[in-house]
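[1] here are the coordinates; sequence isn't available:
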């Protein structure tokens, strides 16, 4: 027989239920028929959460009562709670036991057993472990379908998973043990005393599974199933080496924001005769020693007077405004006396220090929207607001992300990431971004500032967490003067010449922002009537006229071929700009300078020239053409 610890046999390991939370086996065939409250079963399901069910598996993790209020699957539950076998140690090796099951023999009879060896609790926790097993043995020697149920417990140190209201395996909706056929009819169920009661089934509890019994073997419970009914015999008297027994409980409530919050621990005494006095030695155990008030003693002794049943110990818990998980506070009873008797005891009362502080949060007060300025740099201030626990220093990391902006939009010394700090008690801090001012006409542009992580100082160092807060900066263009193209003059009249090329030089100017170079496209149009043809011009019909950076004037030259052919005067039209610029139209008249008269007659050069304005087209555009408001030229 395999080695055992306490009554746990540990010999049913043929099949493994892989590490899981709330999982189950497939349908498992039993080595014998089992008549369970009038229904004979030849197979069942092994559930990770400490129980066996018939007809189908069950993943329920928060235990329900198995008494008159239970309606559900037929169930045999040694420890119905949120078992989680996925926990691993620091070295990456499994730290929680893995559930196994199989067939074999027990007490000389064919048997089916399920092992729960050192299993942890949800979520992935292994700081407390439970070891127990369920064994079903064939008792068909007493009648068809008869069998025995064994619940064997070695150690029970946790009672609740984190999703069932527990903290560190304690409190919340505690485990249940027993069995039921699921109908809730009288005499079809049994639930262990102490089920669903905080601390009752744990080692040292008033109904401790690992030390109580119903057959004289501490930690073992046997139930005979005969004719389909489970026989629940009265438990034999427990060994009573001491005339009195002791219990302990600790309050559960909020820690408070400051000062000292008292948590009362109550030590109880009961028994048939309490006429003598008792002393009890105690120790305080907490998750974090910093939770205790300065000067709080960690051990001591209480005295019970004759017939006294309760004594209280005040545990001082330090109030704070720091967000942290709820943590346990325990009082352990280590030694007791009654009259002249003295013995060691192992009784623990547990309370929960409930966190009553809001988590530290960070958020932007809003976007930053303002003009860029025309020179130097302009600060864009982003207000970050801290709430929750603001009693200690915080540091928040931020990054700058371009939207429609580019590197040229920011000061050369502007970093793309950084940190902003909060002093103790401070609720606001500013991230300052330096935007480069300019005189370039451009659209409004945007960028974003992102909070990516925050580090908060704590009593024991610091903690860092990720953030997802974003806001927008909008750079408003404040360069309202547009660049305007003008020509001087807008019409040129000249002879073609007898040979070579004649240059029609149009002076093109721009008014407004001339800080950058500009390439302005042009198109030469040849009118269908009275117009020049392509052979008359040496200049391409499309091209670009260039302005150097800082230059307000350039020349567009149209080259005309000279000839000796008598012909009518001809015209052409040059169009510049468009898009971000105004459209400028320039006209050219190529005068015939050959002596033979041409028919039909055309307008003379003098007539064409006389049709032009008395003042230059440039001045007309500036003063009367509406291209630039009066008084706005500099």
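    Yep, it's here. Values in this document were obtained by computation on a predicted structure and should not be read as measured data.
[2] which strands and helices sit next to the longest strand along the chain?
    Ranked by residue count, the top strand of the chain under DSSP state E comes out as strand 461-476. Judged by 3 or more Cβ pairs under 8 Å, 6 or more residues apart in numbering; DSSP states H and E, the packing partners of strand 461-476 are strand 361-364, strand 368-371, strand 377-387, strand 428-436, strand 445-458. From N, CA and C alone the C-beta is placed, and that goes for glycine too.
[3] Show me the domain layout of the chain.
    15-231, 244-354, 361-476, 484-624 (automatic domain parsing).
[4] Report the rounded mean pLDDT for the second one.
    Here domain 244-354 scores 90 as its mean pLDDT.
[5] Would you pull up how far that domain lies from the middle of the chain?
    Offset of domain 244-354 from its chain centre (Cα atoms, centre = their mean, to the nearest Å): 38 Å.
[6] got TSV for the helices and strands packed on strand 461-476, with mean neighbour count too?
    Output for the helices and strands packed on strand 461-476, formatted as TSV (neighbours: other Cβ atoms under 10 Å):
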stretch	mean neighbour count
strand 361-364	17
strand 368-371	16
strand 377-387	17
strand 428-436	17
strand 445-458	18
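[7] quick one, which of the ones you listed is nearest to residue 249?
    strand 445-458 (30.0 Å; Cβ to Cβ).
[8] As CSV, the domains of the chain with distance to residue 8 would be great.
    Below are the domains of the chain laid out as CSV (distance: least, Cβ to Cβ, whole Å):
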stretch, distance to residue 8
domain 15-231, 4
domain 244-354, 19
domain 361-476, 39
domain 484-624, 86
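[9] Let me see the ranges of the strands in the stretch 51-200 of the chain.
    Using DSSP state E, counting those that start in this stretch, the strands of the stretch 51-200 of the chain run over 51-53, 75-80, 83-84, 100-106, 109-121, 125-138, 147-155, 176-180, 189-191.
[10] How about the stretch 251-400 of the chain?
    Taking DSSP E, counting those that start in this stretch as the test, the strands found in the stretch 251-400 of the chain are 253-254, 260-271, 278-286, 299-304, 310-318, 327-338, 341-354, 361-364, 368-371, 377-387, 394-402.
[11] Retrieve the pLDDT associated with residue 614.
    Reported pLDDT at residue 614 in the predicted model: 39.
[12] now residue 488
    80.
[13] what is it paired to in the beta sheet?
    Here residue 488 sits in beta bridges with residue 507, going by DSSP bridges.
[14] again, but for residue 431
    Where residue 431 sits in a bridge, its partners, by DSSP bridges, are residue 382.
[15] pLDDT score assigned to it?
    96.
[16] ok, now which ones touch residue 281?
    Applying Cβ atoms under 8 Å, 6 or more residues apart in numbering to residue 281 gives the contacts 299-301, 333-336.
[17] Where does pLDDT dip in the protein?
    Scanning the chain for pLDDT under 70 picks out the ranges 1-6, 89-94, 233-242, 459-460, 480-483, 580, 596-634.
[18] Now with 50, please.
    Applying pLDDT under 50 to the chain flags residues 1-4, 90, 235-239, 598, 601, 605-606, 608-634.
[19] before we move on, the earlier item: right, and the helices and strands packed on strand 461-476 - which one's nearest residue 340?
    strand 445-458 (50.2 Å).
[20] ok, back up a step: okay if I get the strands of the stretch 251-400 of the chain as JSON lines plus distance to residue 20?
    JSON lines is the format used below for the strands of the stretch 251-400 of the chain (distance: least, Cβ to Cβ, whole Å):
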{"stretch": "strand 253-254", "distance to residue 20": "35"}
{"stretch": "strand 260-271", "distance to residue 20": "37"}
{"stretch": "strand 278-286", "distance to residue 20": "31"}
{"stretch": "strand 299-304", "distance to residue 20": "41"}
{"stretch": "strand 310-318", "distance to residue 20": "37"}
{"stretch": "strand 327-338", "distance to residue 20": "26"}
{"stretch": "strand 341-354", "distance to residue 20": "28"}
{"stretch": "strand 361-364", "distance to residue 20": "35"}
{"stretch": "strand 368-371", "distance to residue 20": "51"}
{"stretch": "strand 377-387", "distance to residue 20": "39"}
{"stretch": "strand 394-402", "distance to residue 20": "38"}
